[in-house]
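Engineer: here is a sequence with its predicted model. Questions after.
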Amino acid sequence: MLNEEQILQALSVVRDPDLKKNIVELGFVRNVKISDAGDVSLDLQLTTPACPIRDRFKTQCEQILRDIGARSAEVTLTANGRVVDSATAAPSDNALLKDVKRIVGVASGKGGVGKSTVTANLAMALSLAGAKVGILDADIYGPSMSIMFGVDALPEIFDDRTIAPVETKGGISLISMAMFAESDKATIWRGPMASQMIQNFLHRVRWGELDYLLIDFPPGTGDIQLTLTQQCPLTCAVVVTTPQEVALADCRKGLALFDSVGVPSAGIIENMSYFICDGCGKQHDIFRSGGGERISKALGVPMLGKVPLEPSVADCGDLGTPVVLRYPNSASGQAFTEIAGKTIQAIAQLEHSTGKVLHNFNLRWDEIPLES
């Protein structure tokens, strides 16, 4: 009859291609149960429910168990949060962020590169992959997430002045300045007021349990960016650019900002990378080519992918449904799906390489000056 030691030894041939270790030494195999009749069941606890090779893991493990003599094999996939070294990790003092496993900043040094479009589609692709996802639209002066998701609902405000995010298509939780401002009025605020609103978003929103909270950074490297990087427990950042040099110069500045505050960069996404002609099917590099790859190699930051320039991307944004949901088989829809997979892998590698929380929260709840 099989025992647990034999099962673990057999499963040790299954390796995680990103973390470069087998699933037993990574601690993925949990709750091994063996019945008197020889039926085997166990849990496979992955780093994220959106793991792109989760089905392969399940199939491979069940086949191995049958091969070594199990009458039947049942592998249940579960997901854990980030890899944490319990001896060194400090818990967050922000009770409303405690169930958010990973916070990813999506940024660009320059406006007009399609960062918000990338954020919306990356969030949707992660959600479609099985993750619980939220978006904090931190662009106080030009919020656009409500339009991109077709949201006109107002968030619920509770007696303790905390806020419930609005649930959008795909079950994504969203909070945005657009929900608190008149659509035809400009937000004419100085930096400290904008930063105060960001603090309210960080400390007053009931995010609940999330696998990924994406923060759509405003363009540039000013007050709001500093507030977010210094006061939010960012896991990592993703930087969006276009291939042209004028955008690449600011992309470098964005990467430098995160490096200066100790936030690792998970990778670069090159948006509007090329256009494919409907008539001839030829690829045209409208904004030049290869810029994102050059920065990736020069700075040692992973290249997560390239998104083509397609009219459907803009159309879907205006209609309130991200292209990856409406047209998943389009060139851009497939690109966003692949980028989401690579982002998941990059984050897992960052977390595993450190073995602990990547960026700890260091402010106390009762020390934050909140607006009335």
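Structural biologist: Here it is on my side, so go on.
Engineer: how about the helices in the protein?
Structural biologist: For the chain, the helices defined by DSSP state H cover 4-11, 54-67, 115-128, 145-148, 191-204, 223-231, 245-260, 291-299, 311-319, 323-326, 331-354.
Engineer: between those, which gets nearest to D160?
Structural biologist: Evaluated over the helices of the chain, closeness to D160 peaks at helix 191-204, with 8.9 Å, by Cβ to Cβ. C-beta coordinates here come from the backbone N, C-alpha and C atoms, glycine included.
Engineer: report the buried residues of the closest one.
Structural biologist: Judged by neighbour count using 16 or more other Cβ atoms under 10 Å, the buried positions of helix 191-204 are 194-204.
Engineer: okay, the helices of the chain, which one's buried deepest?
Structural biologist: Highest mean neighbour count of the helices of the chain: helix 115-128, a mean of 27 (counted as mean count of other Cβ atoms under 10 Å).
Engineer: how far does it sit from the chain's center?
Structural biologist: What separates the centre of helix 115-128 from the centre of its chain is 8 Å, taken as Cα atoms, centre = their mean, to the nearest Å.
Engineer: for it, C-alpha coordinates in PDB please.
Structural biologist: C-alpha atoms of helix 115-128 as PDB (Å, rounded to 0.1, in the frame of the first residue of the first chain):
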ATOM      1  CA  LYS A 115      -1.500  52.900 -19.700                       C
ATOM      2  CA  SER A 116      -5.100  52.900 -18.500                       C
ATOM      3  CA  THR A 117      -6.100  50.700 -21.400                       C
ATOM      4  CA  VAL A 118      -3.400  48.200 -20.500                       C
ATOM      5  CA  THR A 119      -4.400  48.300 -16.800                       C
ATOM      6  CA  ALA A 120      -8.100  47.600 -17.700                       C
ATOM      7  CA  ASN A 121      -7.200  44.700 -20.000                       C
ATOM      8  CA  LEU A 122      -4.600  43.200 -17.700                       C
ATOM      9  CA  ALA A 123      -7.000  43.200 -14.900                       C
ATOM     10  CA  MET A 124      -9.700  41.600 -17.000                       C
ATOM     11  CA  ALA A 125      -7.200  39.000 -18.300                       C
ATOM     12  CA  LEU A 126      -6.200  38.100 -14.700                       C
ATOM     13  CA  SER A 127      -9.900  37.900 -13.700                       C
ATOM     14  CA  LEU A 128     -10.600  35.600 -16.700                       C
END
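Engineer: so which elements touch that helix?
Structural biologist: strand 103-107, strand 133-137, helix 145-148, strand 212-216, strand 236-241, helix 311-319, helix 323-326, helix 331-354 (3 or more Cβ pairs under 8 Å, 6 or more residues apart in numbering; DSSP states H and E).
Engineer: re the thing from before, can I get the helices of the chain in a markdown table including mean pLDDT?
Structural biologist: Listed next are the helices of the chain as a markdown table, based on pLDDT from 0 to 100:
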| stretch | mean pLDDT |
| --- | --- |
| helix 4-11 | 93 |
| helix 54-67 | 92 |
| helix 115-128 | 95 |
| helix 145-148 | 93 |
| helix 191-204 | 85 |
| helix 223-231 | 81 |
| helix 245-260 | 82 |
| helix 291-299 | 85 |
| helix 311-319 | 92 |
| helix 323-326 | 95 |
| helix 331-354 | 89 |
